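Colleague: output the structure for:
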Amino acid sequence: MFNVEKIRQDFPVLEKGIIYFDNAGSSLTPEQVLQKMLEFYHDYRANVERGVHKLSQKASEEYGKAQSKVANLVNAKSDNEIIMTKNTTEGINTVANGIKWKKGDKIVTTILEHHSNFIAWLRLKERYGVEVEVVMPKKPIAQGLLDAADFGKAIDDKTRLVAVTHVSNVLGTISPVEEITKIAHEHEALVLVDAAQSVPHVKVDVQKIDCDFLAFSGHKMCGPTGVGVLYMKNEVMSEVEPLTVGGGTIEDVDVDCYTLNETSKRYEAGTPPIAEVIGLGAAVDYLGKLGINNIEEYEKELTRQMYEEFCDIPRVEVYGPKPEDKIGILAFNVGSLNSHDVALALDVTANIMTRSGHHCALPLLKRVIKRDGLVRASTYFYNTSEEVNKLAKTVRETAQNLTK
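Modeller: You can find the predicted model right below:
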């Protein structure tokens, strides 16, 4: 295991008395990542793959190294299966807009999805007459647990794509993505996994999952904002047109024609977020030194503590499954209080940062939780048992004030 107190020194904001439990929204960024980005700006600030001079060569080398680190992180077969994007949303939209859809095609998704992995498919329904079938959790549905058998009923030979979150950003539930992928492939359907909430916290292996696409964001895994990743199997690249074209995407151009690059570069039009990609590579290094398995085990302890302490607080409703079926996310409401009021009270009275509202998952809130919003506390490896205790204590005091 690792030394949490020593790790916390890499995050200066934590020295200001802040208790940060909004990690599912965006993680904090360690100094090592910022220094690596500054190294780019200070020492070899130039465009990548655009020049033969040494600054461009150095920038290209560091950019390529970062891409390789990401490929190794998710166990891609090659760097060519890794496409650098702005975020998870852009990765999902690249797939949604790149496939040649036709009326009668079917997409299977779930009620748990973040809007990014939901409305992209609803738009296809409007544009092309694609059918969208939404899988609900098994009973009791408020736990948010998906049953692979329900995908066996939903996926048929008309299904072109199955789009499913690996981990719910609201409830923290873990989806049976390997089983879902197996069912989908039996019907020759493609599979896209939204891994924004899983890659930062657990080991993700695209070979083991066998998905065709997997998208995630750098800013949730100690990296900078503005950079994300789309993993795409080499075998399916011919089925997905680039979202945009331009500099860097082509093999040849003439006055009346063009030929796209055959590699993953065809999806990276224009100057990429170079410093951010290099920063993401540094974040992968940082997580690697801690050990993703160590991170997962440590967070399990915090998750168990948080769940047990919250379930013991009167007038607090906790959503989602038991700790063994989720990662470090706890969703709750305090009596009839508005979730924003609770989050603001946590901030003002105890310097505790949480997220409140619908969490970009309105269908889930409307159909499953049946509340306008909820408060979400989410952990990472730099959180402590003492912070969890402070969170629970403050929520308990807030709940007690309702009865006075």
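Colleague: C-alpha only now, for contacts and for neighbours.
Modeller: Will do.
Colleague: any idea of the mean pLDDT in stretch 150-160?
Modeller: Mean pLDDT, stretch 150-160: 98.
Colleague: quick one: the strands in the stretch 251-400 of the chain?
Modeller: With DSSP state E, counting those that start in this stretch, the ranges of strands along the stretch 251-400 of the chain come out as 257-260, 316-319, 329-334, 352-353, 355-357, 374-378.
Colleague: elements contacting the shortest one?
Modeller: In this structure, strand 352-353 packs against strand 19-20, helix 339-350, with contacts taken as 3 or more CA pairs under 8 Å, 6 or more residues apart in numbering; DSSP states H and E.
Colleague: who does that strand pair up with?
Modeller: In the sheet, strand 352-353 lines up against strand 19-20 (parallel) (DSSP bridges).
Colleague: beyond the partner strand, next helix or strand please.
Modeller: Following strand 19-20 in sequence order, the next helix or strand is helix 31-43 (DSSP states H and E).
Colleague: what lies in contact with that next one?
Modeller: When contacts are defined by CA atoms under 8 Å, 6 or more residues apart in numbering, helix 31-43 is touched by residues 10-11, 55, 59, 222-224, 275-276, 278-280, 282-283, 286.
Colleague: ok so, going back, quick one: which of the strands of the stretch 251-400 of the chain is nearest residue 203?
Modeller: strand 329-334 (17.1 Å; CA to CA).
Colleague: relative to that closest one, what are the paired strands and their orientations?
Modeller: Short version: by DSSP bridges, strand 329-334 pairs with strand 316-319 (antiparallel), strand 374-378 (antiparallel).
Colleague: chain neighbours aside, what residue packs nearest to the most centrally placed residue in the chain?
Modeller: For the chain, the residue nearest the mean C-alpha position is residue 196 (0.8 Å; CA atoms, centre = their mean). Counting by CA to CA, 6 or more residues apart in numbering, residue 196 lies nearest to residue 216, which is 4.1 Å off, once chain neighbours are set aside.
Colleague: what helix or strand is the one you found located in?
Modeller: Using DSSP H and E, residue 216 falls in strand 213-217.
Colleague: what comes into contact with the next helix-or-strand element following that strand?
Modeller: Once the chain leaves strand 213-217, the next helix or strand it forms, by DSSP H and E, is strand 228-232. For strand 228-232, the surrounding residues in contact (CA under 8 Å, 6+ apart) are 76, 81-88, 91-92, 212-219.
Colleague: circling back: could the strands of the stretch 251-400 of the chain go into CSV alongside distance to residue 187, mean neighbour count and mean pLDDT?
Modeller: Putting the strands of the stretch 251-400 of the chain into CSV (distance: least, CA to CA, whole Å; neighbours: other CA atoms under 10 Å; pLDDT from 0 to 100) gives the following:
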stretch, distance to residue 187, mean neighbour count, mean pLDDT
strand 257-260, 30, 12, 93
strand 316-319, 34, 19, 97
strand 329-334, 33, 24, 98
strand 352-353, 44, 22, 98
strand 355-357, 38, 21, 98
strand 374-378, 36, 28, 98
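Colleague: of all those, which one is nearest residue 247?
Modeller: strand 257-260 (10.4 Å).
Colleague: quick one: strands adjacent to that closest one?
Modeller: As defined by DSSP bridges, the strand partners of strand 257-260 come to strand 250-254 (antiparallel).
Colleague: can you tell me how far the closest residue to residue 50 other than its chain neighbours is from residue 68?
Modeller: Nearest non-adjacent residue to residue 50, counting by CA to CA, 6+ apart: residue 56, 6.9 Å away. Separation of residue 56 from residue 68 (CA to CA, to the nearest Å): 18 Å.
Colleague: again with residue 204
Modeller: 16 Å.
Colleague: ok, the closest residue to residue 281 other than its chain neighbours - contacts?
Modeller: Nearest non-adjacent residue to residue 281, counting by CA to CA, 6+ apart: residue 66, 4.1 Å away. Residue 66 sits next to 277-278, 280-282 when contact means CA under 8 Å, 6+ apart.
Colleague: tell me the buried residues in the helix or strand hosting residue 182?
Modeller: When elements are assigned from DSSP H and E, residue 182 belongs to helix 177-186. In terms of neighbour count (16 or more other CA atoms under 10 Å), helix 177-186 has its buried residues at 177-185.
Colleague: list the contacts of the next helix or strand after that helix.
Modeller: Using DSSP H and E, the helix or strand that follows helix 177-186 in sequence is strand 190-194. When contacts are defined by CA under 8 Å, 6+ apart, strand 190-194 is touched by residues 88, 92, 117, 160-167, 177, 181, 184-185, 211-216.
Colleague: how about stretch 126-135?
Modeller: Against stretch 126-135 from outside (CA under 8 Å, 6+ apart): 101-111, 121-122, 124-125, 150-151, 154.
Colleague: can you pull the pLDDT of residue 402?
Modeller: In this model, residue 402 carries a pLDDT of 77.
Colleague: against residue 313, how distant is it?
Modeller: 13 Å.
Colleague: residue 144 too?
Modeller: In terms of CA to CA, residue 144 sits 22 Å off from residue 313.
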